[in-house]
Every structure is written in structure tokens, then in C-alpha cells.
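K.L.:
curious how this folds, go ahead:
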Amino acid sequence: MHKARSIFTWAIVSLCVFVLITLPVNLQTQLIASITVVTIMAMIKILKGEGTWRLIALAFGTAVVLRYAYWRTTSTLPPVNQLENFIPGLLLYLAEMYSIAMLALSLFIVATPLPPRRSRPVKQERFPHVDVFVPTYNEDAHLLGNTLAAAKAIDYPADKLQVWLLDDGGTLQKRNSNKLLEAQAAIARHNELRQLCEALSVNYLTRDRNEHAKAGNLNNGMQHSTGELIAVFDADHAPARDFLRETVGYFDDDPKLFLVQTPHFFINPDPLERNLRTFDRMPSENEMFYGIIQRGLDKWNAAFFCGSAAVLSRRALQSTNGFSGLSITEDCETALALHGAGWNSIYVDKPLIAGLQPATFASFIGQRSRWAQGMMQILRFRFPLLKRGLSIPQRLCYMSSTLFWLFPFPRTIFLFAPLFYLFFDLEIFTASGGEFLAYTLAYMLVNLMMQNYLYGSFRWPWISELYEYVQTVHLLPAVISVMINPRKPTFKVTAKDESISVSRLSEISRPFFVIFAVQIIALAITIYRIYAEPYKADVTLVVGGWNLFNLIMAGCALGVVSERGERAASRRVRVNRRCEFGVNGKWHTASIEDVSVHGARLHVFNKQLDPMTIGAEGEIRFRPYSGADLETLPLIVRNMEQDGDIMAVGCQYIPKSALDHRLIADLIFANSDQWAQFQESRRRNPGLIRGTIWFLGLSLYQTSRGLIYFFRSMRPEREAQQQMAKANG
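P.N.:
Residues are numbered from 1 along each chain as shown. Next up, the predicted model:
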């Protein structure tokens with residue numbers, strides 16, 4: 001009876017909505033209705049309405065979006081008999097419908113996400129045996145040493161914890177390669193990592209052949225281990241001490257639980273954050289996914305495995321033959337298989353690991369290309385909408401996650417659509433300037449407001465558009481290639497711990513300057529056409545404004561691909577811990593101000609500090625978070641700076657034993673609270689108006705910076721040509 005009543009209510013509401021959306025009204029009425037809705041949504045936002053008020057605002061916005069979709073479908077497409085207009089017009093229409101569909105899926109997933117879960121410590125009487133897997137391919141021993149040391153230092157009974165380094169860079173296949181240099185490098189790596197693991201009391205494991213990439217490596221680890229639970233960390237993802245204490249307890253609550261996923265937190269900026277200098281003041285791109293979207297997915301039991309920073313049930317994995325390896329995104333594919341088999345997942349929104357992001361724009365694009373191609377493979381081979389065993393909400397959640405990576409297609413169309421009119425006088429969107437104001441501009445404003453409602457302080461205005469634009473240029477051919485040949489892509493490891501010593505243009509920056517130049521020409525044509533064709537001024541202004549928006553985005557992208565040089569080899573993290581600094585046989589009161597994977601900066605009380613030289617060896621003595629006795633870490637002095645009674649001393653670690661790696665890991669990774677505090681310090685919502693003004697300023701500055709880098713890059717080329725001309729002359 002209750003179910004029948006619910007269906008009846010849903011049918012009545014749907015009918016009312018349909019009538020409102022399709023109701024024929026004149027342009028003035030539509031404009032007034034649009035202004036009213038925008039005003040109501042703005043008032044609710046200003047008054048900080050939450051709960052039901054938030055849903056009311058989203059409902060008003062949805063009505064405007066649906067009204068726009070109806071008008072766009074019935075009134076704006078060019079005639080079919082004008083193919084030169086109809087074909088690009090249809091492509092633009094499909095791109096807009098894709099955007100509306102993705103907005104609908106976003107509303108379903110994150111309109112009311114689950115609040116962050118309360119801490120669920122493991123019960124003292126039961127500690128399940130945990131195997132920690134650290135898969136590696138080409139990462140260096142120093143990086144791996146810190147991650148393995150952090151894993152060994154996890155606060156968990158030692159007899160219930162086994163740490164495994166799964167080395168795919170030193171396989172028998174590689175060590176016996178016919179390529180002599182490759183074979184020697186693999187042998188050297190194999191021996192070095194075995195010694196490192198022996199010193200850290202970690203299990204070293206490799207295999208005969210590199211088959212099925214990371215999934216195959218993890219499955220090989222499963223065959224040689226027996227733990228009830230499996231924790232997975234990427235080679236550059238070091239866990240905090242409380243990682244297992246905060247995660248394994250959930251498996252006691254649900255015997256059908258296969259996954260506890262935690263967010264990926266990064267101590268270094270991605271290339272956009274580094275080149276735009278936004279890392280310390282604006283939320284990172286990944287925070288929208290880990291801060292909101294994963295909590296929304298968790299509400300529908302669809303939070304998925306992200307490849308690292310997770311704990312999985314061995315029993316669940318064995319029920320589906322281990323980690324899935326058909327696609328190159330084995331993490332999401334594995335979760336899809338287990339959800340389809342009736343297993344459950346949860347998401348714990350607390351940063352419990354700290355990792356490294358790609359530092360160069362080229363590596364960033366390589367990483368995103370792999371994600372995009374892997375998700376396209378899942379869409380092609382696993383098609384979540386028809387996947388057996390999934391609930392309807394789970395199907396929609398997985399479709400949202402995979403379909404998202406089609407964004408290069410609509411982004412490309414949105415980029416070039418204005419040029420069809422400005423360059424070729426094609427009318428691919430039949431509407432007047434008044435209709436644009438009443439329908440399109442209202443839709444765009446409401447869309448922005450809804451995005452701000454959904455993601456608020458996790459994503460500032462226009463930043464998503466910038467990230468998608470800079471990826472589109474190179475992801476489009478990658479996505480097309482996997483559609484043509486879905487089995488072609490192979491797993492490529494993302495470069496770790498990179499640094500850029502000299503400012504330069506990215507090696508893949510050329511297309512961005514070409515697009516920027518084309519849009520400058522289009523801007524000039526816009527101005528000319530307004531002057532030469534005043535009877536078309538309303539349409540030309542609309543299309544020219546669209547192109548101007550694209551130009552602003554393209555200009556900002558020039559700053560993204562202009563790589564800033566960095567003196568520091570790795571990112572520093574503020575810690576503020578008391579210690580003692582030892583040099584020349586004397587100990588001095590000091591504090592550790594910031595740390596990185598390579599060194600630390602100290603503040604030393606210097607009234608009795610003897611003169612030091614650069615390169616002098618010293619030590620720091622501090623108490624680890626484990627509560628053990630004071631421990632000593634050797635280092636070298638790299639720089640000094642006097643500040644009153646304080647001497648700022650920059651030091652580089654010189655680890656000589658496994659204990660030294662554990663102390664470095666303790667300094668950087670042990671305390672998870674520092675990651676949460678840093679994230680919270682960046683999470684503020686500037687609002688649409690202030691956020692837009694800020695983005696315009698950012699774009700103007702980055703455009704000029706990108707052009708300066710471009711003209712500087714031309715100098716060596718011109719000088720080389722002049723020298724060659726002299727030599728030939």
C-alpha cells in the first residue's frame with residue numbers, strides 16, 4: 001500500500017513538473033521567472049539556508065535547467081536541410097545535454113551527502129591480521145624507504161601486521177632481459193630493495209613476469225600472504241600512525257564489508273596549483289572528489305576503491321578472483337565487481353596518508369590520460385548501467401564516475417562553437433539576444449549557483465572549468481584512441497617526486513598558445529562585425545562574449561603550462577616540534593619548523609651556538625610519536641640565516657640505517673591531524689561574485705606570465721638561427 005502511494009505521488013509530481021516545464025509563455029514572462037528564481041536562490045544562499053532550504057534552492061534551479069533543456073530542444077536547433085548549420089548545431093546541443101545529464105547525476109549523488117563518519121577505533125580485544133601491500137615499479141629506494149618505514153610504524157600489534165614491498169621493477173623477466181642495461185638496472189634494483197626491506201624488517205616480493213600490471217602485482221601479493229585484511233598504499237603514499245586504528249574496526253560491524261577507503265592527501269601541489277600559486281589558499285582539485293563526491297557515493301553504498309589508502313577484505317577479494325585487471329584502472333573495476341557481487345563499502349573522510357602528486361604538467365596529463373582511458377574501458381567492457389547485482393543508485397553512481405571522463409568532447413565543442421559563427425557566419429544556435437538573456441544566461445547563472453551549493457568551499461568558481469580545459473587538449477585524442485581500440489592502453493606508472501630546477505614552458509604547451517592566438521583573432525573579428533553589421537549586433541555580442549570567456553580560460557591556461565622553477569627539491573610541511581640540535585659535540589635547544597622527504601628547517605637558540613660551516617654534519621634529537629625514548633637523526637647543514645637570538649638552519653637528512661628512515665617518516669607522516677588542519681585552513685567559499693573577480697585577476701596575470709615565458713623561449717631559438725646563419729655565411 002505504501003509503495004503504491006509513493007509511486008502515485010511520484011507520478012503526480014512528475015506530471016506537474018512536466019506541465020510547468022512545457023508551459024508556453026512569452027519572452028517577458030520567462031525573463032521575469034528566471035530573475036525570480038535566481039533571486040530566491042541567491043537569498044537562500046546569503047541567509048545560509050541548509051537542509052530543506054538547500055533542497056528547495058536546488059529544486060528551483062533544477063526547474064530552470066529543465067526549462068532551458070526543453071526550450072533548447074524544441075526551439076533552437078537549425079533546420080535539418082541546412083546541414084552546414086545543423087551538424088555543428090546538433091553537436092553543440094548534444095554537448096549541452098551531456099552537461100545537463102552530468103549535473104542531474106551530480107544532484108542525485110551529492111545533493112545530501114553523508115556527513116563525515118565518526119571515528120570508529122578498533123576494539124581492543126580483536127585485532128585482525130593485516131597485510132600491508134606497497135606495490136612499486138620504478139620508484140627509488142629513498143622514497144620507498146620512507147613509505148615502508150611509515151607503514152612499519154603504524155600503531156598496531158606487531159604480530160598482527162606484515163608489510164610487503166611488491167616489486168614489479170625487479171622481476172625475473174626484467175633481470176633476464178636481452179637488453180643488457182635494462183637487465184643490469186633490474187638486478188641492481190632487486191638487490192638494493194632486498195637490502196632495504198631486510199633492514200626495515202619488511203617482506204620483499206617480486207614475481208617472474210610483469211603480467212596484468214598493478215592488479216597482477218597485487219594478486220601475486222595475495223598468493224604469498226594470509227592476512228584477513230589487506231591495506232594498499234602506493235609507493236609515495238605514506239600512512240599516519242593511526243591509519244589501521246581508524247579503519248579496521250568497521251569490518252567488525254558488517255560481515256559483507258569489502259572496502260574502507262580513505263582520502264588521498266598530497267603534501268605537494270599539482271602543476272596547476274604550483275604554477276598558479278594557489279596551493280596554500282585554495283582547496284586542491286582532488287578535495288571536491290574526496291571531500292564531497294565520495295561521501296555522496298557512500299550514501300548509496302557506491303564509494304569505490306581508489307588504488308591506495310584503503311583496507312580491503314581478503315575474503316571478498318577471493319570471491320571475485322582478486323583484483324580485476326581487464327582495464328588499466330584496476331581499483332574502480334575491482335570495486336564494481338565486488339559491489340555487483342553484493343559486497344559493501346564505506347568511506348572514511350579523514351586524511352590518513354600523505355602522498356605526492358605529479359609535479360610537471362606532462363606527468364599530470366599522463367596520469368589523467370590513464371584514468372580517462374581506464375574509465376572508458378570500464379564503460380566499454382563492464383557497462384555499469386547493466387551490471388548484474390548493482391542497485392539502481394549504484395548503477396547511476398558508477399555511470400556518473402565513468403561518463404565524467406567524456407568531458408573532453410563537450411569541452412572541445414564549447415571551445416570551437418563560437419568560431420563557427422565568427423569565422424564562417426554559421427547559425428548553429430537559432431535565438432535572439434533577448435531569448436539568450438531569458439533562457440541561456442539564466443541557465444548559466446543557475447548552473448553556477450547549483451555548483452556552488454553542491455561543492456561550496458571545496459571548489460571555487462571557474463576552477464573546474466580550468467582543470468577540464470587544460471586536460472581536454474591532450475585527453476581528447478587519448479579518449480578517442482581507447483574508443484577505437486579499447487584494449488590498446490597499457491598501465492603507465494605516474495612519475496613520483498619530480499622537481500623543476502629551471503623555469504620553462506612545458507614540452508606539451510604548444511597547442512595552448514595556438515588556441516589562444518585563434519581566439520585573439522576571433523576577438524578582433526567580433527569587434528569588426530559589431531561595427532560592420534550593426535543589425536546583427538545582439539547575436540554577435542552574445543557569441544563574442546562566449547569567445548571572450550574562452551579567451552579568459554585559455555589565457556589562464558598559458559600560466560598553467562608555464563612551469564615555475566623551484567629551488568627546493570621537495571615540498572615542505574610545517575610541523576613545529578621541539579628538539580635538540582647537536583653540532584661539534586654540543587647540544588642546543590631547538591624546534592623543527594618544517595620538514596620534507598629530504599630535509600628539515602630548524603630554529604636554534606643560538607646564544608651559545610658555535611660558528612658552523614655549510615656542509616657541517618650534525619644531529620637532531622627528538623621524541624617520536626610512538627612515545628619511545630629520544631632518538632637521534634643525522635643530517636648535514638645546507639644553509640643558515642640569523643634572526644635575532646634565533647638561527648634558522650636548513651638541513652638535509654643523511655639516513656644511515658633503517659631507524660633513520662623510521663625517524664624521517666615519523667617527522668613527516670606520523671601525525672594525521674596536521675593534514676586535516678591544513679585542509680580546513682583552505683576550505684572557504686569566496687562566493688560567485690568575489691570568486692569570479694578573483695579568477696579574472698588570476699587569468700589576466702597568468703596570461704601575461706605565459707606570454708613572457710613564450711617570448712623568452714623564442715630567444716634561444718632565434719640565437720641558434722643567427723649563429724647558424726653566421727656559420728653558413
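K.L.:
can you report how many residues neighbour Leu107?
P.N.:
When neighbours are defined as other C-beta atoms under 10 Å, Leu107 has 20 of them. Backbone N, C-alpha and C define where each C-beta goes, glycine included.
K.L.:
element containing it?
P.N.:
Taking DSSP states H and E as the criterion, Leu107 maps to helix 83-110.
K.L.:
again with Tyr528
P.N.:
helix 510-532.
K.L.:
who are the packing partners of that helix?
P.N.:
Contact partners of helix 510-532 among helices and strands, from 3 or more C-beta pairs under 8 Å, 6 or more residues apart in numbering; DSSP states H and E: helix 408-424, helix 463-484, helix 537-560, helix 688-728.
K.L.:
Phe678 is nearest to which of those?
P.N.:
When the helices and strands packed on helix 510-532 are compared by C-beta to C-beta, helix 463-484 sits nearest Phe678, at 18.5 Å.
K.L.:
just the angle between the closest one and helix 408-424, please?
P.N.:
100 degrees (axes from the mean of the first three to the mean of the last three C-alpha atoms, to 10 degrees).
K.L.:
show me what helix 463-484 is packed against.
P.N.:
Where contact means 3+ C-beta pairs under 8 Å, 6+ apart, helix 463-484 is packed against helix 271-276, helix 285-288, helix 361-381, helix 408-424, helix 510-532, helix 537-560.
K.L.:
got those as JSON lines, with distance to Thr147 and mean pLDDT columns?
P.N.:
Converted to JSON lines, the helices and strands packed on helix 463-484 look like this (distance: least, C-beta to C-beta, whole Å; pLDDT from 0 to 100):
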{"stretch": "helix 271-276", "distance to Thr147": "22", "mean pLDDT": "93"}
{"stretch": "helix 285-288", "distance to Thr147": "19", "mean pLDDT": "90"}
{"stretch": "helix 361-381", "distance to Thr147": "18", "mean pLDDT": "93"}
{"stretch": "helix 408-424", "distance to Thr147": "33", "mean pLDDT": "94"}
{"stretch": "helix 510-532", "distance to Thr147": "35", "mean pLDDT": "94"}
{"stretch": "helix 537-560", "distance to Thr147": "29", "mean pLDDT": "93"}
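K.L.:
what about those helices, which gets the closest to Phe710?
P.N.:
When these are compared (using C-beta to C-beta), the closest one is helix 510-532, at 6.0 Å.
K.L.:
okay, the angle between the closest one and helix 463-484?
P.N.:
Going by the same axes, to 10 degrees, helix 510-532 makes 120 degrees with helix 463-484.
K.L.:
buried residues, helix 510-532. List them.
P.N.:
Neighbour-count burial for helix 510-532, counted by 16 or more other C-beta atoms under 10 Å, picks out 512-513, 515-516, 518-519, 522-523, 525-526, 529.
K.L.:
now that helix, how far from the centre of its chain.
P.N.:
32 Å (C-alpha atoms, centre = their mean, to the nearest Å).
K.L.:
got it, and stretch 459-469?
P.N.:
Here stretch 459-469 is found 12 Å from its chain centre; the criterion is C-alpha atoms, centre = their mean.
K.L.:
give the rounded mean pLDDT of the longest strand anywhere in the chain.
P.N.:
With secondary structure taken from DSSP state E, the chain has its longest strand at strand 631-643. Strand 631-643 shows a mean pLDDT of 88.
K.L.:
contacts for that strand next, please.
P.N.:
582-583, 599-600, 606, 612-624, 647-656, 659-660, 663-664, 667 (C-beta atoms under 8 Å, 6 or more residues apart in numbering).
K.L.:
mind running it again at 7 Å?
P.N.:
Strand 631-643 is contacted by residues 599, 612, 614-622, 624, 647-654, 656, 660, 663-664 when judged by C-beta atoms under 7 Å, 6 or more residues apart in numbering.
K.L.:
buried sites along the helix holding Leu107?
P.N.:
So for helix 83-110, counting by 16+ other C-beta under 10 Å, buried means 85-86, 88-89, 91-93, 95-96, 98-100, 102-107, 109-110.
K.L.:
run a quick neighbour tally on the nearest residue to Ala337 once chain neighbours are set aside.
P.N.:
Nearest residue to Ala337, sequence neighbours excluded (C-beta to C-beta, 6 or more residues apart in numbering): Thr320, at 4.7 Å. Neighbourhood size, Thr320 [other C-beta under 10 Å]: 16.
K.L.:
please identify the buried residues of stretch 446-465?
P.N.:
For stretch 446-465, burial by neighbour count (16+ other C-beta under 10 Å) applies to 446-463, 465.
K.L.:
quick one, helices of the stretch 201-350 of the chain?
P.N.:
213-223, 250-253, 271-276, 285-288, 294-299, 314-319, 330-340 (DSSP state H, counting those that start in this stretch).
K.L.:
JSON lines for those, including distance to Leu403 and mean neighbour count?
P.N.:
Formatted as JSON lines, these follow (distance: least, C-beta to C-beta, whole Å; neighbours: other C-beta atoms under 10 Å):
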{"stretch": "helix 213-223", "distance to Leu403": "23", "mean neighbour count": "21"}
{"stretch": "helix 250-253", "distance to Leu403": "29", "mean neighbour count": "16"}
{"stretch": "helix 271-276", "distance to Leu403": "23", "mean neighbour count": "22"}
{"stretch": "helix 285-288", "distance to Leu403": "17", "mean neighbour count": "20"}
{"stretch": "helix 294-299", "distance to Leu403": "14", "mean neighbour count": "23"}
{"stretch": "helix 314-319", "distance to Leu403": "26", "mean neighbour count": "17"}
{"stretch": "helix 330-340", "distance to Leu403": "13", "mean neighbour count": "24"}
